[in-house]
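> have a look; sequence and predicted model below, questions after that.
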Amino acid sequence: MYWDISLHISHGRDEGPLANIAHYPILIGLFGIFTSGVLAVVLPKGTRPGAASVRITRDWYAPAGGVLLAGAGFYALLGFPLDDVWHRIFGQDVTLWGPTHLMLIGGAGLSLVAMMILEREGRRAAAGSARPPGWLRYARRCMLGGGLLIGLSVFQAEYDFGVPQFRLVHQPLLIALAAGCALVAVRLWAGRGAALLAAAFYMLVRGGVSVLVAGVIGELWAAVPLYFAEALCVEIAALVLARRPLLTGAVSGLLIGTAGFGAEYAYGQAAFRLPWTPDVLAEGMAMAVTGGVAGGLCGALLAQGLAGRFPRRAAARGIFAGAILAVSAAVANGLLISVPSGRTATVTLTDVRGDAAHRTAGARVEFSPAGAVDGPAWVTVTGWQGEGLHVDYLVKERDGVYRTSAPMPLHGGWKTLIRVHDGRTLAGVPVYLPADPAIGAGELPAPAEFTRDVQGERPVLQRELKTGVPGWLWAVCSAVVLACTLALVIALGWGVARIARRLPGTGEAGAEAGA
């Protein structure tokens with residue numbers, strides 16, 4: 001997935017659904033998830049694999065985790081053909097958060113919950129046989145928790161590369177939500193130190209992916225959120241409140257949204273291409289607290305279900321629904337943007353170098369009115385899809401006047417624009433756009449001096465989107481994808497509740513819950 005995202009940032013849209021080499025390992029991996037679920041469903045025919053299994057025919061019972069794993073894999077796989085259909089209807093939405101792209105990510109990431117359920121069923125079904133060593137079970141659970149953290153963290157990938165198309169406050173929300181859900185679940189499920197080991201497993205795999213994509217394949221580097229501070233917060237909360245898992249989840253989420261936010265803020269100054277700024281401090285922390293508490297409560301419910309010690313049905317449903325609504329409201333808040341009217345930017349190119357095929361230049365940018373940009377999250381020049389990525393923070397000379405610190409590309413397939421993120425404002429000024437006959441777009445040249453309106457970013461960043469498509473059609477199609485995603489999330493919640501009821505915490509499970 002990170003290889004695929006890197007290729008889109010560097011080279012732009014695909015020529016076809018399988019014209020991108022990175023799609024093949026994604027397809028193979030998703031098919032592997034789906035096949036694993038199908039195997040778990042079909043192998044037990046003639047025997048009942050535990051009390052939580054689902055009846056399919058008279059003598060065929062399938063483990064609930066296998067059914068959910070196959071469903072998550074199928075949902076993710078379905079994103080491939082639907083993505084091609086989506087592009088044919090609406091054009092190429094070169095963004096991670098395209099609805100069908102979220103199907104691919106969501107199905108794969110949430111499949112880890114189904115794997116946890118399947119592990120619980122398999123361990124109970126094999127209770128009469130020789131038990132694996134305790135350290136092996138502990139390590140497996142830590143890796144499952146780290147895998148869930150990896151899956152939930154893919155939603156942040158645009159921020160990892162430094163080309164987000166959404167407000168910066170989304171990033172702390174997504175980090176806190178992933179940390180709260182995965183780290184709380186694994187700490188309460190596996191025991192002491194599990195949150196830290198899951199974070200270490202995440203760093204090993206996720207950091208290894210960045211090294212592989214950038215260092216071996218030669219594409220773009222993606223930053224890696226730290227998560228160790230968040231894991232430490234969870235460990236501390238669990239030590240103090242271990243016998244009250246829901247309170248542990250809520251307190252862990254609060255610590256993740258405050259202390260964890262502060263740690264990521266400091267770490268991001270060196271690690272993130274677009275580090276957090278005081279402009280997002282208050283709202284970003286509020287979003288992080290919301291995501292952390294909601295994720296922590298969901299993680300606690302998951303751990304309780306896996307241990308066979310679930311709260312009352314009404315309480316569990318209320319907490320689960322409240323967490324989903326809180327995250328939905330936070331995401332909706334992050335999607336509220338404004339595009340200013342009546343503002344312009346005068347760009348004067350300096351130090352122009354190279355011929356037309358290799359042209360680069362510095363720039364001085366003067367916004368009008370001068371006070372239109374006040375304490376922004378970022379004012380940058382971004383160039384992408386020209387065989388690379390160029391992100392340059394502009395240097396403020398005085399109110400409303402900025403200059404580049406490095407030459408920007410103005411040739412070939414580069415799409416270069418000035419980006420402004422100030423509060424709820426997300427706007428851009430195109431500097432250079434190449435001719436694109438495939439979508440009927442002409443070249444936007446970059447003369448020595450020009451004045452252009454400050455406009456919305458989406459028509460520039462997602463230039464391939466088709467115009468003239470009815471808005472209601474996009475809304476309906478997006479609503480269908482959203483409904484399917486909610487169905488998957490609710491199905492996983494059903495699976496956790498089912499094994500909690502059918503496989504109560506006695507014997508080994510009870511001892512683990514007490515620990």
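In hand now; what should we look at? Numbers count the residues shown, from 1 in each chain.
> output the below-cut-off pLDDT ranges for the stretch 101-250 of the chain.
128 (pLDDT under 70).
> list the contacts for the residue positioned nearest the centre of the chain?
Note on the chain: the residue nearest the mean C-alpha position is F155, at 0.8 Å, using C-alpha atoms, centre = their mean. Shown in contact with F155 (C-beta atoms under 8 Å, 6 or more residues apart in numbering): 96-97, 102, 105, 109, 174, 178. C-betas here are computed from N, CA, C, even on glycine.
> what segments of the stretch 301-450 of the chain are strands?
Taking DSSP state E, counting those that start in this stretch, the strands of the stretch 301-450 of the chain run over residues 344-353, 360-368, 378-384, 389-393, 395-398, 401-403, 408-409, 415-422, 425-432, 449-453.
> adding mean pLDDT and mean neighbour count, write the ones you listed out as a markdown table.
Shown next, in a markdown table, are the strands of the stretch 301-450 of the chain (pLDDT from 0 to 100; neighbours: other C-beta atoms under 10 Å):
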| stretch | mean pLDDT | mean neighbour count |
| --- | --- | --- |
| strand 344-353 | 92 | 16 |
| strand 360-368 | 95 | 19 |
| strand 378-384 | 94 | 22 |
| strand 389-393 | 95 | 18 |
| strand 395-398 | 92 | 11 |
| strand 401-403 | 94 | 18 |
| strand 408-409 | 96 | 24 |
| strand 415-422 | 94 | 24 |
| strand 425-432 | 94 | 22 |
| strand 449-453 | 95 | 13 |
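> so which of those strands comes closest to A222?
strand 389-393 (10.7 Å; C-beta to C-beta).
> CSV please, covering the strands of the stretch 301-450 of the chain and showing distance to G471.
Shown next, in CSV, are these (distance: least, C-beta to C-beta, whole Å):
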stretch, distance to G471
strand 344-353, 28
strand 360-368, 30
strand 378-384, 27
strand 389-393, 31
strand 395-398, 38
strand 401-403, 35
strand 408-409, 34
strand 415-422, 24
strand 425-432, 19
strand 449-453, 23
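> out of those strands, nearest to L335?
strand 425-432 (10.1 Å).
> what inclination does that closest one have with respect to strand 344-353?
40 degrees (axes from the mean of the first three to the mean of the last three C-alpha atoms, to 10 degrees).
> output strand 425-432 as PDB, nothing but the C-alphas.
The C-alpha coordinates for strand 425-432 follow below in PDB (Å, rounded to 0.1, in the frame of the first residue of the first chain):
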ATOM      1  CA  THR A 425      -9.100  27.400   5.400                       C
ATOM      2  CA  LEU A 426      -7.600  24.900   2.900                       C
ATOM      3  CA  ALA A 427      -6.800  26.800  -0.300                       C
ATOM      4  CA  GLY A 428      -4.200  26.800  -3.100                       C
ATOM      5  CA  VAL A 429      -2.800  28.800  -5.900                       C
ATOM      6  CA  PRO A 430      -1.700  26.900  -9.000                       C
ATOM      7  CA  VAL A 431       1.800  27.900 -10.200                       C
ATOM      8  CA  TYR A 432       2.300  25.400 -13.000                       C
END
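> taking strand 360-368 as reference, get the angle to that strand.
140 degrees.
> strand 425-432: how far from the chain's middle?
Computed by C-alpha atoms, centre = their mean, to the nearest Å, the chain-centroid distance of strand 425-432 equals 24 Å.
> do the same with stretch 434-452
Worked out by C-alpha atoms, centre = their mean, stretch 434-452 lies 32 Å from the chain centre.
> tally of neighbours for V38?
Counted by other C-beta atoms under 10 Å, the residues lying close to V38 total 17.
> okay but it is in contact with A72, surely?
No. Contact between V38 and A72 fails when scored by C-beta atoms under 8 Å: they sit 11.8 Å apart.
> neighbours of the closest residue to A139 other than its chain neighbours, just the number please.
Of all residues not flanking A139 in the chain, L197 sits nearest, at 7.9 Å (C-beta to C-beta, 6 or more residues apart in numbering). If you count neighbours by other C-beta under 10 Å, L197 ends up with 21.
> what's the answer for the one 5 residues further on, then?
Applying the criterion other C-beta under 10 Å, we find 30 residues in the vicinity of Y202.
> so where does it fall, helix or strand?
helix 194-210 (DSSP states H and E).
> who are the contact partners of P447?
Counting by C-beta under 8 Å, 6+ apart, the residues that P447 touches are L349.
> what's it sitting at in phi/psi?
For P447, the backbone dihedrals (degrees, to the nearest 10) come out as phi -70, psi 180.
> next, work out how far apart it and Y432 are.
10 Å (C-beta to C-beta, to the nearest Å).
> hmm, back to that, how far out from the middle of the chain is the helix holding Y202?
For helix 194-210 - counting by C-alpha atoms, centre = their mean - the centre lies 16 Å from the chain centre.
> SS state for W97?
Assigned with DSSP: H, G, I helix; E, B strand; the rest coil, W97 falls in the coil class.
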